[in-house]
Structure formats: structure tokens, C-alpha cells
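1. Fold the following and give me the result.
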Amino acid sequence: MRAAAAIETFLEMMSAERGAARNTLESYRRDLEDAAAFSAAAGEQLTDAANATVRAYLDDISARGFAATSQARRLSALRQFFRFLYTENLRGDDPTSTLDAPKKERALPKIMSEADVEKLLGRAELETNDPQASGASPMQALRLHALLEILYATGLRVSELVGLPVAVARQDSRFLMVRGKGSKDRMVPLSTKARDAMNRYLAARDAQPNLADNSWLFPAVSETGFLARQVFARELKGLAARAGLKTSAISPHVLRHAFASHLLQNGADLRAVQQLLGHSDIATTQIYTHVMEERLHRLVTEHHPLAD
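-> Reported below is the predicted structural model:
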């Protein structure tokens with residue numbers, strides 16, 4: 001069967017048997033027709049393409065500058081196409097069976113410098129003493145300062161932070177017991193500044209009679225009963241703007257990354273950071289190894305007697 005006819009038959013199967021959407025079918029058509037053109041230039045019908053031809057095609061689209069995600073999508077289309085040919089006895093083997101998908105480059109996490117974090121926290125503290133500087137109420141200023149100090153001191157996920165029970169804050173103030181993903185509990189230490197900010201906020205919260213029976217540390221009128229993540233993120237960006245920082249580069253998650261990266265930059269062990277972040281797998285924490293590599297390189301260049 002010639003390539004064009006085989007592609008049409010494959011697309012009909014994808015539509016009739018698997019209910020593939022129109023956009024999906026068009027994407028398959030473009031990918032397979034591009035592969036067929038490459039195969040034809042190499043003197044083969046796509047339906048008869050050898051493993052080496054398919055591999056050469058993948059090398060070609062890589063050389064053309066296709067992203068790893070696009071390369072993986074095209075390989076997926078070819079896998080399904082050749083699997084279809086094999087299942088329908090239109091060829092006796094699958095030339096893609098031994099091919100590995102292109103490895104996607106893992107994006108490095110966005111982080112803030114220590115100086116920018118200090119500027120942000122300093123502005124938050126200033127606004128607790130002068131709420132008019134932000135236009136917020138004294139309670140809101142104290143809440144935002146507490147949220148930021150706790151987040152940077154612990155590296156909590158934003159969902160863990162806004163959903164802290166008030167009972168946790170009334171226990172040993174040196175630590176917080178946090179319930180993370182999979183209902184797993186972990187203990188995270190609090191810095192002196194975070195404890196002070198939390199206690200100042202807690203005193204203001206306790207002075208509100210309507211919150212006496214509320215079980216959340218950061219209560220709000222919401223479906224959950226506590227502060228929404230989106231509200232916190234919006235308040236954080238507003239604070240960043242008032243601190244003279246680039247708002248597009250700042251979010252609660254970026255502060256969590258900053259917590260981990262700054263710990264590693266200052267000599268913390270990767271396993272300890274894994275535990276503090278609540279990662280079940282060390283591989284998740286290894287996105288920060290570039291920080292350790294930079295620190296080790298600096299250590300060698302600064303202290304090795306043969307370094308330039």
C-alpha cells in the first residue's frame with residue numbers, strides 16, 4: 001500500500017474507532033505526511049520505511065530545530081501508524097519499537113535572589129507598621145507579612161500554607177506540623193522572624209471576636225473557609241510592585257523555589273531539602289542540583305590551590 005492511501009486508512013480508523021478530534025487528526029496528517037516526504041526522498045515508501053529511515057527522520061527534525069516535545073509528538077504519531085500497519089497485517093514489523101522518545105529538558109525553577117526576597121519581606125514588615133502604605137487594613141498587612149515570612153522560612157506549598165489550621169500555630173512555635181500530599185505529615189522549623197510575624201498576626205486575629213470559633217489560621221469568606229490561593233498570589237504581586245520588583249517573576253511558588261535554592265546555596269543537604277519540601281521522591285528535588293553545581297564550582301575555584 002502506498003503511503004498516501006495508508007495514511008488515509010489510518011486516519012479513518014482513528015476517527016471511527018477511537019473518536020479522535022478533528023484537530024488531532026489534522027495534526028497526525030501533517031506529521032505523517034512530513035515523514036512520508038522524508039521517506040520518499042530517501043527512496044522508500046513510508047509504509048516500507050526501515051528503522052534506520054525513521055531514526056534518520058527523527059534526527060532530521062531535531063536538526064531543523066523542533067523542540068523535544070514536538071519530536072516526541074511526531075514519534076508518537078509514527079508509533080501509532082506503524083502499530084496500525086502491523087495489526088492490519090500490512091507489514092510484518094514495527095520499525096519504531098526500538099526507538100526512544102527524545103528527552104525533554106526539564107525547565108529550571110524560577111527563583112528570586114536573596115536580596116530581592118529581603119526587599120520583599122522588608123516592604124511587608126514596613127506595611128504592618130504603616131498600613132496606609134499599602135491601602136490595606138492593619139489586619140491584612142499583618143496577614144500578608146505572616147504568610148510571606150512563613151512561606152520563605154518553610155517552603156510550604158501554597159495550598160499547605162493557606163490551609164494551615166490555627167491549632168498548629170498555637171503549638172510549639174519553633175515548628176509547624178504540616179499535612180501535605182497524600183495526607184503525609186511533616187515537621188518544618190520556623191525562623192525567629194517567621195515566628196514573630198505569625199505571633200503578631202495571631203494576636204490581631206485573636207482580637208477579632210467573630211473569629212473565635214474559626215479553625216483556620218488564615219480564615220476568609222470562601223468556599224473552603226480559608227484564604228484562597230489566588231487572593232494570596234494577587235496580594236503578593238501588589239506587594240512586589242510596591243517594593244519595586246518585577247511582578248511577573250514573583251509568585252508564591254517562586255518563593256518556595258527560593259527557599260530551596262537559598263538553602264542549597266548556603267550548604268544544605270539535598271535530602272534535608274527534600275524532607276522540608278515534602279517531596280516523596282528525591283528525583284523531584286533534583287531540579288535544584290544546578291544550584292549545588294554552581295556552589296561546588298565556586299568552592300573549587302575559590303579554594304583549590306591550582307584553580308585559576
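2. what residue ranges in the stretch 101-250 of the chain are flagged as low confidence?
-> The stretch 101-250 of the chain contains residues with pLDDT under 70 at 101-110.
3. what about the strands in it?
-> Listed in chain order, the strands of the stretch 101-250 of the chain (DSSP state E, counting those that start in this stretch) span 175-179, 185-189.
4. highest average neighbour count across those strands?
-> The highest average neighbour count among these, using mean count of other C-beta atoms under 10 Å, belongs to strand 175-179 at a mean of 18. From N, CA and C alone the C-beta is placed, and that goes for glycine too.
5. partner strands of it, parallel or antiparallel?
-> With DSSP bridges as the test, strand 175-179 is paired with strand 185-189 (antiparallel).
6. Let's see the partner strand as PDB, backbone CA atoms only.
-> Extracted C-alpha coordinates of strand 185-189, given in PDB (Å, rounded to 0.1, in the frame of the first residue of the first chain):
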ATOM      1  CA  ASP A 185       2.600  14.900  58.000                       C
ATOM      2  CA  ARG A 186       5.900  16.500  58.200                       C
ATOM      3  CA  MET A 187       7.600  18.900  60.700                       C
ATOM      4  CA  VAL A 188       9.100  22.100  59.400                       C
ATOM      5  CA  PRO A 189      11.100  24.600  61.600                       C
END
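7. Can you say which of the strands of the stretch 101-250 of the chain is nearest to N129?
-> Across the strands of the stretch 101-250 of the chain, N129 has its closest neighbour in strand 175-179 (25.0 Å, C-beta to C-beta).
8. hmm, who's touching the closest one?
-> With contact meaning C-beta atoms under 8 Å, 6 or more residues apart in numbering, strand 175-179 is reached by 150, 154, 156, 160, 164, 168-169, 171, 185-190, 278.
9. thinking again about what came up before, would you reformat the strands of the stretch 101-250 of the chain as TSV and include distance to R29?
-> TSV is the format used below for the strands of the stretch 101-250 of the chain (distance: least, C-beta to C-beta, whole Å):
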stretch	distance to R29
strand 175-179	49
strand 185-189	50
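10. right, so of those, which gets closest to A40?
-> strand 185-189 (58.1 Å).
11. what ranges do the helices span in the stretch 151-300 of the chain?
-> Counting by DSSP state H, counting those that start in this stretch, the stretch 151-300 of the chain has helices at residues 158-162, 166-169, 192-206, 229-242, 252-265, 270-277, 282-285, 289-303.
12. Looking at these, spot the one closest to S134.
-> Closest to S134 of those is helix 229-242 (C-beta to C-beta; 6.5 Å).
13. Could I have the CA atoms of that closest one written out in CSV?
-> Taking Å, rounded to 0.1, in the frame of the first residue of the first chain, the C-alpha atoms of helix 229-242 are listed here in CSV:
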residue,chain,number,x,y,z
ARG,A,229,-4.5,30.8,46.8
GLN,A,230,-5.5,33.3,44.1
VAL,A,231,-6.1,36.1,46.7
PHE,A,232,-2.7,35.5,48.3
ALA,A,233,-1.0,35.5,44.9
ARG,A,234,-2.7,38.8,43.9
GLU,A,235,-1.7,40.4,47.2
LEU,A,236,1.9,39.2,46.7
LYS,A,237,2.1,40.7,43.3
GLY,A,238,0.8,44.0,44.6
LEU,A,239,3.4,44.0,47.4
ALA,A,240,6.1,43.2,44.8
ALA,A,241,5.1,46.2,42.8
ARG,A,242,5.2,48.5,45.8
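14. Show me what counts as buried in that helix.
-> By 16 or more other C-beta atoms under 10 Å, the buried positions in helix 229-242 come out as R229, F232, E235, L236, L239, A240, R242.
15. and it, how far out from the chain's middle?
-> 19 Å (C-alpha atoms, centre = their mean, to the nearest Å).
16. and that helix, what does it pack onto?
-> Applying 3 or more C-beta pairs under 8 Å, 6 or more residues apart in numbering; DSSP states H and E, one finds that helix 229-242 makes contact with helix 114-129, helix 138-154, helix 158-162, helix 252-265.
17. Many thanks, I have nothing further to ask.
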